[in-house]
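S.K.: just coords:
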């Protein structure tokens, strides 16, 4: 069975665990370096990116997590998780650091405050139909490096989804909608066939 870690320092952990479990993946909570052992992939949820940074450094997790992703561990990041992976941030909190493993520039709180949260549908590369997306104090990708593929934009052209190698990141919260297509597509591309795809023997 595929074993997927979920960064569990703060934020929307339970929603991702539920989505992954519903697809047949085994999940594990990641708070310390030892929790990375035996994982096939990892999810970085929404929450507060500056809190991720502060706690991950306090627990000694930041370096090992960055190394694991750089070495090829598939990662899915949403909202604050995208910020935490990014190489560059506009509007960062004082002293804020990131893992720096995704060659993008992100703007924090690009869509406004909590009161400006909204839901919409977005098209994502590889899916036939738009997916529902929840934006809560969401970032925006405002610059991409040469190895980054843009996978999703809003109708006004703003970038809200990217992929670089084994890293997939979205500015919104697919885990809040009950639609598991993005988690499913990520699992299929990141770790191949799994329980959610098993076929009966011929």
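M.R.: Received the coordinates, thanks. Computed from a predicted structure; not experimentally measured.

S.K.: center of this structure, which residue is that?
M.R.: The residue lying closest to the centre of the chain (C-alpha atoms, centre = their mean) is residue 77, at 0.7 Å.

S.K.: in what helix or strand does residue 152 lie?
M.R.: In the assignment (DSSP states H and E), residue 152 maps to strand 149-153.

S.K.: now for the next helix-or-strand element following that strand, which elements pack on it?
M.R.: Using DSSP H and E, the helix or strand that follows strand 149-153 in sequence is strand 159-164. Counting contacts by 3 or more C-beta pairs under 8 Å, 6 or more residues apart in numbering; DSSP states H and E, strand 159-164 packs against strand 102-107, strand 118-124, strand 140-144, strand 149-153, strand 167-170. The way it works is simple: take the backbone N, C-alpha and C, and place the C-beta from them, glycine included.

S.K.: who are the packing partners of the fourth one?
M.R.: Put plainly, it is strand 149-153. Using 3+ C-beta pairs under 8 Å, 6+ apart as the contact test, the elements touching strand 149-153 are strand 118-124, strand 159-164.

S.K.: ok, back up a step: contacts made by the strand holding residue 152 with the rest, please.
M.R.: 122-126, 141, 144, 159-164, 168, 170 (C-beta atoms under 8 Å, 6 or more residues apart in numbering).

S.K.: what about 6 Å?
M.R.: Contacts of strand 149-153 with the rest of the structure, by C-beta atoms under 6 Å, 6 or more residues apart in numbering, involve 122, 124-125, 159-163.

S.K.: what is the mean pLDDT for it?
M.R.: Averaging pLDDT along strand 149-153 yields 97.

S.K.: now do it against strand 118-124, angle only.
M.R.: 140 degrees (axes from the mean of the first three to the mean of the last three C-alpha atoms, to 10 degrees).
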